[in-house]
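Undergrad: sequence plus the predicted model coming up.
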Amino acid sequence: MEPLLEVRDLSVRYQMRDGGEVFALSETSLRIESGEIVGVLGESGSGKSTLGASLLAMFPRNAAIHGGAVLLQGKNLLELKRNELAHVRGSRVSLIFQEPGVALHPTMRVGLQIEEVLKAHTSEDKAARRREVRSLLDSIFGTEAERVYASYPHQLSGGQRQRIAIAQAIVCKPSLLIADEPTASLDSVTQREILELLKRLQKERNLAILFITHALELLNGFADRVMVMYAGEIVEEGEAAKVLRFPQHPYTQALLTCRPRLEQIKNSPNKAHIPVIPGDAPDLSAKFLGCAFAPRCPEKMQICSERMPEFSNAGNGAKVRCFKFGG
Amino acid sequence: MEALLSVESLVKEYSSRHLSGARMSVRALDQVSFVVQPGTRIAIVGASGSGKSTLAACLACLEKPSSGSICFQGRNLEFLSESELQNIRPQVQLVFQDPAMAFNPIFTVLEILEEPWILQTKLNSEERKERAAELLGRVGLPRRILDRKSADLSGGQRQRLAIARALALEPKILILDEALSALDYSVQAQIANLLLDLADPSIPLAARPAVLFITHDLVMAARITDEIIVMQSGRIVESGPMREVMRNPAHMATRALIAGASGVSSSHEKRPAV
Amino acid sequence: MRYLARRFLHAAMLLAATTVVTFLFTTLAPGNYFDEMRLNPQISPETLTALKARYDLDKPLPVRYLVWVKSLAHGEMGYSFAYNSPVLPLVAVRARNTLLLTITATLLAWLIALPLGVWSAEYAGRWLDHVITGTSAILLVIPDIALALGFLLIAVQTRWFPAGGMASVGAESLPFANRLWDLAQHMFLPATILVLIAQPILVRHIRAAVADVLGEGFIRAAEAHGIPRSRLLWRYALPAAANPLISLFGFSIGALLSGSLLVEVVTSWPGLGPFLLEAILARDLYVVIGGVLLSTVFLVAGNFIADVALFWADPRIRTE
């Protein structure tokens, strides 16, 4: 069966002012089926945001695409013209960002901002748009909907603003929502509320969600599938429960141990050091010959710095790019 | 033993204006009282809007409380003259979430670190450079970045630099206001370890700053501090030894935070609308 | 509303201060209207002294200021020596003409500068941007006076449009529509010069303000929601860039006003410009003060309108 969206061997580089290049994505491929929640786990510089934006062909000006395709039901988004892309964005695939504060127009009432999206993609008249937005806000905000509708962004809390951004993104009933660190600026309680909203939307609307985050604990019980990214490449991919509980790639393992767990702290509080990933974040200004994680890897072998391993099946049923499992 | 810092019935009100023109006053801090002993590590945890950042600003003398008192080593800050305050400020250091804003981007790392020494000590430039390099070592930064501009550093490096600069003044209290929240977990772990080292009980008390770790991230707070103060709507709703509170949380807000941090849905523990 | 009240008070105080300063400068300038008469043997020194006394020129400065303020309250604004009449009615007619020209030029200048600035920002670095910024740069380095004289020359040589004045001879007897057309033709020359003088500054600021906004997150977000590009520019970016532009609008009224004083002289538009020049040369003290004061009123009013617009445009200011 054809997937909802597929990325094939996409490579993206950023041209820097000093003439150098940053290798943001290196021959990355992924498939998203309709109605599934895919978590993309990675740290800054892993290419996760570039990957997310590329699904809408939203590249910064200094980005150069070095091959690959983004196929939405078979059609390559990278070959579309600007106005054709505008038809896809917001109506079939939409995107929400980390900072809901800066993602909303500062001097437009938020209700109208949602209506603008409807206006861009439907031929409904003003009254119909208003009705639709009001009923959407009712389902998201309940009794507060009316007040929120007429508010300006600065009058809302961070969580409310992110809900407005989500309302904008789904008002035209897209089949895929890309959420780029949507909860990073929110406190843990509000984070959970946003996750619940997204989960509800997935169930009610069969909405596929690509959830990009560095906060691995958010994916637990939320994502169906997880992809772990490092230095512009996907290094591990599989069922969320398995990847998060039994990580196989040395990077995933290291990343999971450097985040403390509350249950452990409760049981045996200790003030010893938290395990860290040794070494520096990867230097993206040059292409790696081998595995990008090799310089920091505790299980590094000779071959690791010679070439990048291919995906192999690992014990947890996930696909892992590591020579430990073949490659 | 004399308390390092004692906060008594602290109130901070902001007046704001509603769209209708009616004047409203918002209590960001409401009767907040607590004590910080020298060399202790305390977490102040709460959701956004709980008043924890206002508290940080009041403690660092960036905001004037509406009422109540803050006593540093027994002296009420409110009654101190500007020059006396000037002596106390270096001893209370605040590190924000985004240190990029705190640095002049055209300054080098060395210039950022040595600035207070030029004003307050008689060290010559060689000695200052040596001390700066030593400080960088303490926060896990290589000596070679002394000549780099702060704008060229990564987020994690900048945050370590911010902590190094705070330490340059040998403060009695280090206040971290969401100082780790914007960083990757692997970087958070490194800086958290640095904070654990700073407050290591084997260091003599005089050389060990007290740490006030203000955050919404209960997990990291629980990992690196010994005591917890939970805030909600400007009030302290629960406080005590971290371990006790984690095991037997008494207040709803604490339970919601723990649930949120453990990844359990909190929908059945709705917090009041703020 | 407190914001508006504050701005209004601010404007009023500015005007009061202007009266003091202009009064001071104009009276302290060397010479007065009667100096030339002194050389005239037919006028006796006694007559001169009597004349000066009549106009209170022999009194100390503060007294003269108070007398003037009193006459301002009576709607006279002092007395013109040359015209032998109260200043206000004299100045009012000229001020109306200046206002007509300045407002027309301001609106035209903005109507033209807005699309140019927005397109320039949208196509930054592309040929359209280069054409717009290049033309602006050239206009910016041409002195205003050269621009004015150049257009005057074109008008005189080609006779495509009237080269001076505000109405053709006998225009008063024409029907309203024809009179309006006649006025428009006469206004073409001074208005064009003014628009060209203002253009480069406006375009540059609009370009910078819009380019700033185009880099903001909410523009990127709106793009991700598939908002069409034209709507993104005009409905999203431009209103968000409005704050600095509204302040610039207030400023541009001032710039065009002072520019129009010059252009009026060159194109003999019967406004405050030629009138003020004449009064300054003749040391017709109160006319100068009146003219300057009225110009300041326009300027302050322009800025006040900008403040009101800012209040209306930005909900963050409205709710403080």
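TA: Great, that's in hand.

Undergrad: and the stretch 201-327 of chain A, which residues reach chain B?
TA: Residues of the stretch 201-327 of chain A lying close to chain B (CB under 8 Å from any CB of the partner chain) are A:214-218, A:220-221, A:254-255, A:258-263, A:265-266, A:269, A:271-277, A:281. For glycine as for every other residue, the C-beta is placed from the backbone atoms N, C-alpha and C.

Undergrad: separate out the buried members of those residues.
TA: A:214-218, A:254-255, A:258-262, A:265, A:274-277, A:281 (16 or more other CB atoms under 10 Å in any protein chain shown).

Undergrad: where does the chain have low pLDDT?
TA: The chain I'm using is chain A. A:1, A:268-270, A:327 (pLDDT under 70).

Undergrad: wait, I meant chain C there
TA: Those would be C:1, C:36, C:319-320, if you go by pLDDT under 70 across chain C.

Undergrad: can you count the residues close to residue C:29?
TA: Residue C:29 has 12 neighbours, counted by other CB atoms under 10 Å in any protein chain shown.

Undergrad: what sits against it?
TA: residue C:283 (CB atoms under 8 Å, 6 or more residues apart in numbering or on different chains).

Undergrad: quick one: name whatever helix or strand follows the helix or strand harbouring residue A:23.
TA: Residue A:23 is part of strand A:21-32, with elements assigned from DSSP states H and E. Downstream of strand A:21-32, the first helix or strand assigned by DSSP H and E is strand A:37-41.

Undergrad: which positions in that next one come out as buried?
TA: A:37, A:38, A:39, A:40, A:41.

Undergrad: quickly note the distance from the last one to chain B.
TA: This means residue A:41. 10 Å (CB to the nearest CB, to the nearest Å).

Undergrad: can you check the fourth one too?
TA: Counting by CB to the nearest CB, the gap from residue A:40 to chain B is 14 Å.

Undergrad: ok, what's across the strand from that residue?
TA: Using DSSP bridges, the bridge partners assigned to residue A:40 are residue A:212, residue A:227.

Undergrad: now do the contacts for residue 103.
TA: Here I'm looking at chain A. Counted by CB under 8 Å, 6+ apart, residue A:103 has contacts A:96, A:97, A:161, A:165, C:217, C:218, C:220, C:221.

Undergrad: my bad, chain B
TA: So residue B:103 contacts B:112, B:150, B:151, B:158, B:161, B:162 (CB under 8 Å, 6+ apart).

Undergrad: just give the nearest non-adjacent residue to residue C:20, would you?
TA: Using CB to CB, 6 or more residues apart in numbering or on different chains and skipping residues adjacent in sequence, the residue nearest residue C:20 is residue C:65, 7.3 Å away.

Undergrad: actually residue C:305, not the one I wrote
TA: Here the residue nearest residue C:305, using CB to CB, 6+ apart, is residue C:250, at 7.0 Å.

Undergrad: how about residue C:315?
TA: Per CB to CB, 6+ apart, closest to residue C:315 is residue A:152, 4.4 Å.

Undergrad: return the distance of the residue most central in space within chain A relative to residue A:102.
TA: Among the residues of chain A, the one closest to the centroid is residue A:212, at 2.2 Å (CA atoms, centre = their mean). Going from residue A:212 to residue A:102 by CB to CB, to the nearest Å gives 17 Å.
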